[in-house]
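> sequence and predicted structure, then a few things I'm wondering about:
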Amino acid sequence: MLITIRGWLAAVLAAVLTSVQATEVQWDGTSYLRVPVKLGADTRLVMPEPFDDAWEHDEEISASLLDSHTLIIRPRTGKIEQRLTLRGRNTGTLYLARVSSALPYSPVVTVHAPNIGGIGGGTSEIGSGLSVTALLRAMMLGTVPAGFRVEKTSRVLLDQPPYKVTAEQLWQSFGQAGVIARIASSLPQRTVPIVPPNIQIQIPQLGSLRAMAADDYELGPEQVASRLYIVYGR
């Protein structure tokens, strides 16, 4: 009987381990990372380099570093759907992630990014001011950092199918700037992905394009527009 019970326990454990496995992600810089979470459980996000992170709503998440490459994520509520922006400290690469309780749960998500080589450009700091991720986070939260002035605008930054990008706010300080814009689809009956590395909006007077993030990364019949955040620096 003992052997039978042990065999049954081994079978159950094997089934659990089979159904909940680590996820390996090969990231090419043209999509966003899918990070599943589940209430009462941890998700370990293992990045290919040390990073800085910025959450859209950090009150919904408990996040802590296990080491310089690994973020432990635990949700505080049962339903989570939010954006996470990470910037690699070594390469300056901007990694955009969707953290969701609707995704099939996996306790470990390991990201591999071969040959990325600094998508997003630059370093994690712009001069002596805020980091890129800190400025992105401030714009997402609508919290203006000290030393920045905000101007309203309606300048069209890009009007080329499938996108139209219209600036709404300009955040500017010495040596760095941020733009909050509206990105809309010119093909409302089709599904159009928003891929920041492929959207080059150059504004020379604000400096070099450093980073870009969006509230949603897919436009379509039910989501025809999204908020877009752009960081520039000298």
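That came through, no problem. On a predicted model such as this, the values are computed, not experimentally measured, just so you know. Numbers count the residues shown, from 1 in each chain.
> OK, contacts around the residue most central in space within the chain?
Nearest to the geometric centre of the chain sits Leu96, at 2.6 Å (Cα atoms, centre = their mean). Contacts of Leu96 were listed using Cβ atoms under 8 Å, 6 or more residues apart in numbering, and they are Tyr32, Leu33, Arg83, Leu84, Thr85, Leu86, Pro196, Ala213, Ala214, Tyr217. Heads up, the C-betas are built off the backbone N, CA and C, glycines and all.
> what about the spatially closest residue to the third one that is not a sequence neighbour, how many residues nearby?
This means Arg83. Leaving aside its sequence neighbours, Arg83 sits nearest to Glu56 (Cβ to Cβ, 6 or more residues apart in numbering; 4.5 Å). The number of residues packed near Glu56 is 18, by other Cβ atoms under 10 Å.
> pop the domain breakdown of the protein in here.
What automatic domain parsing lists as the domains of the chain is 2-112, 132-233.
> comparing these, which gets the lowest mean pLDDT score?
Among the domains of the chain, domain 2-112 carries the lowest mean pLDDT, a mean of 80.
> what count of nearby residues applies to Ala102?
For Ala102, using other Cβ under 10 Å, the count is 10.
> quick one: the helices in the protein, in order.
Assigned by DSSP state H, the chain shows helices spanning 2-19, 132-141.
> right, and Ala181 touches Glu168 too?
Yes: using Cβ atoms under 8 Å, Ala181 is in contact with Glu168, at 5.9 Å.
> ok, these two, which is more surrounded?
Taking other Cβ under 10 Å, Ala181 and Glu168 do not tie; Ala181 has more neighbours (25 against 14).
> now do the contacts for the more buried one.
Residues near Ala181 by Cβ under 8 Å, 6+ apart: Leu157, Val165, Thr166, Ala167, Glu168, Arg227, Leu228, Tyr229, Ile230.
> and the nearest residue to Leu39 once chain neighbours are set aside, backbone torsions?
The shortest distance from Leu39 to any non-neighbouring residue, by Cβ to Cβ, 6+ apart, is to Gly78 (4.6 Å). Backbone torsions for Gly78, taken as degrees, to the nearest 10, come to phi -70, psi -30.
> number of residues surrounding Ile80?
When neighbours are counted by other Cβ under 10 Å, Ile80 registers 21.
> what of Gly92?
Neighbour count for Gly92, taken as other Cβ under 10 Å: 21.
> first to last residue in stretch 182-193, what's the distance?
Stretch 182-193 stretches 15 Å from its first residue to its last (Cα to Cα, to the nearest Å).
> need the contact partners of that stretch.
When contacts are defined by Cβ under 8 Å, 6+ apart, stretch 182-193 is touched by residues 31, 161-166, 168, 194, 214, 217-221, 224-228.
> which of those are buried?
Among the contacts of stretch 182-193, those classed as buried by 16 or more other Cβ atoms under 10 Å are Tyr163, Lys164, Val165, Thr166, Ile194, Ala214, Tyr217, Leu219, Ser226, Leu228.
> okay, these in a markdown table with distance to Val108 next?
Listed next are those as a markdown table, based on distance: Cβ to Cβ, whole Å:
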| residue | distance to Val108 |
| --- | --- |
| Tyr163 | 35 |
| Lys164 | 40 |
| Val165 | 36 |
| Thr166 | 40 |
| Ile194 | 27 |
| Ala214 | 27 |
| Tyr217 | 23 |
| Leu219 | 31 |
| Ser226 | 30 |
| Leu228 | 31 |
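> thank you, goodbye.
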